[in-house]
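**Student:** next comes the sequence, and after it the predicted model I'd like to discuss.
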Amino acid sequence: MSATVNFPLPRIGLPPGRIVVSSITFVAAVMLAAFPLVGFTSTVARACACGCSVFDVGGLDMPQEQDHGGRVFFEFWSGDQTQNWIGTSKGPASANSDKEVNTQWYNVGFNYMFSRDWGVMARLPIVNRAFTTDTGPPGGIQTFNSRDIGDVEVMAMYTGFFSDMSTGVVFGLKLPSGTYTAPGLDRDTQIGSGSTDLLLGAFHRGMLTGDNAWQYFGEFMWHQPFLYRSAIDADTGLDELYKPGMQVDGSVGIVYNNLYHVLMLDKIAPLAQLIISHRNADSGPAADPLNTGFDRIMISPGVEFTKVVDEANKRVVKLYADVEIPIYYRTNAANNAGTEGQLIAPYLIKVVGSYNF
């Protein structure tokens, strides 16, 4: 989903139906993240946690009442997974044969609102990943690189529940366009998952104060893989299937919406949000179900800068940035062929530049 002009919400009352729908949407991010982790049986040891779909939620990318036409955007996401995590605490690096997963995503995309009710969005990621792992003798610790197109997302959005477009649903597919056979990378560290995923989500925003100075927002996104692809395992020589686990991400937050005409900008909007993620364990012969799957809570301060370049035609340039810092992590972890734990990142970075037309 995506946004264009982000000006104040109209001061309208909430009928009982809206209160019900808004409440359900707002709390779904927290409720869905409470699913228990699913356990499976052991196979080959692979121990890295990415959960990059968390970037699909959070921030001010929800539609506004004045939205129309199109938007093009560029996103930069970054995460450097260096800390081995076992259960709910740090684990020794020596327990995990994987040492680092350093990834940058460079995404280009667009969205278009055909009307106040319907819109579409597409995102094409270009991914740069460096994977450092202990391959054992004689190679020892080695770094493998993969640079390629990632998995494309295509979604539709419906915002016709209420006249101000404050509540909506999104649905679509993540396509298996990313490479999942790069040499040296395990299936759970490949740029692409090799799966087709169903994407379902919802969002809601509203006012906390009558003068619109403070707003709240909530959203969630569910990734459910349902078509899978196998690949030849370099160690066994077998054509093995990999099934990535379901992941759901949600965010709730507040934004200060009353900083207008500052530093030659039309608006600056600081925000604070809580991001919650749950991922089921992977399954299949190419997976490590004992060391995949997690629950995670992150706090995330952010800010959005807005510059109106053509008010009559609502042409707007925006820059959004946040940092996402874990305050709680629980990973599935168990000794599997000498490896235990998952690599996590001490923080994630998200930057989005966009032009609305």
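**Tutor:** Structure received. Residues are numbered from 1 along each chain as shown.
**Student:** so Ser283 bridges to which residues?
**Tutor:** Beta-bridge pairing of Ser283 under DSSP bridges involves Lys243.
**Student:** from now on call the first residue 535
**Tutor:** Shifting the count to begin at 535 puts that one at Ser817.
**Student:** and it, how far is that from His795?
**Tutor:** The spacing between Ser817 and His795, counted by CB to CB, to the nearest Å, is 54 Å. Using the backbone N, CA and C atoms, a C-beta is placed for each residue, glycine as well.
**Student:** same check, this time on Phe695
**Tutor:** 33 Å.
**Student:** of those two, who's got more company?
**Tutor:** Comparing Phe695 with His795 by other CB atoms under 10 Å, the one with more neighbours is Phe695, at 19 against 9.
**Student:** excluding chain neighbours, what is closest to that one?
**Tutor:** Thr701 (4.7 Å; CB to CB, 6 or more residues apart in numbering).
**Student:** can you check the pLDDT for the one you found?
**Tutor:** If you check Thr701, the pLDDT there is 93.
**Student:** give me the neighbour count for it.
**Tutor:** 24.
**Student:** and Met689, what helix or strand is that in?
**Tutor:** strand 687-692 (DSSP states H and E).
**Student:** for that strand, buried residues please.
**Tutor:** Buried residues in strand 687-692, defined by neighbour count with 16 or more other CB atoms under 10 Å: Glu687, Met689, Met691.
**Student:** quick check, nearest of those residues to Pro717?
**Tutor:** Glu687 (26.1 Å; CB to CB).
**Student:** distance check, that closest one against Leu707.
**Tutor:** Distance, Glu687 to Leu707, by CB to CB: 7 Å.
**Student:** what pairs with the strand or helix carrying His757, parallel or antiparallel?
**Tutor:** Here His757 sits within strand 748-761, counting by DSSP H and E. According to DSSP bridges, strand 748-761 forms sheet pairs with strand 730-741 (antiparallel), strand 781-790 (antiparallel).
**Student:** show the backbone phi and psi for Gly726.
**Tutor:** phi -110, psi 150 (degrees, to the nearest 10).
**Student:** what sits closest to it if chain neighbours are left out?
**Tutor:** Nearest residue to Gly726, sequence neighbours excluded (CB to CB, 6+ apart): Gly712, at 2.4 Å.
**Student:** quick check: bridge partners of Tyr750?
**Tutor:** Here Tyr750, judged by DSSP bridges, has bridge partners Gly740, Ile788.
**Student:** list the contacts of it.
**Tutor:** Taking CB atoms under 8 Å, 6 or more residues apart in numbering, we find Tyr750 in contact with Phe560, Arg739, Gly740, Met741, Leu742, Val786, Gly787, Ile788, Val789.
**Student:** so after the strand holding Met689, what's the next helix or strand?
**Tutor:** strand 701-708.
**Student:** what residues does that following strand touch?
**Tutor:** 535, 552, 555-556, 559, 596-597, 655, 685-693, 695, 727, 729-739, 755, 757.
**Student:** switch to 7 Å and redo it
**Tutor:** 535, 555-556, 559, 597, 685, 687-693, 695, 730-738, 757 (CB atoms under 7 Å, 6 or more residues apart in numbering).
**Student:** sheet-wise, list the partners of it with their directions.
**Tutor:** When DSSP bridges is applied, strand 701-708 pairs with strand 687-692 (antiparallel), strand 730-741 (antiparallel).
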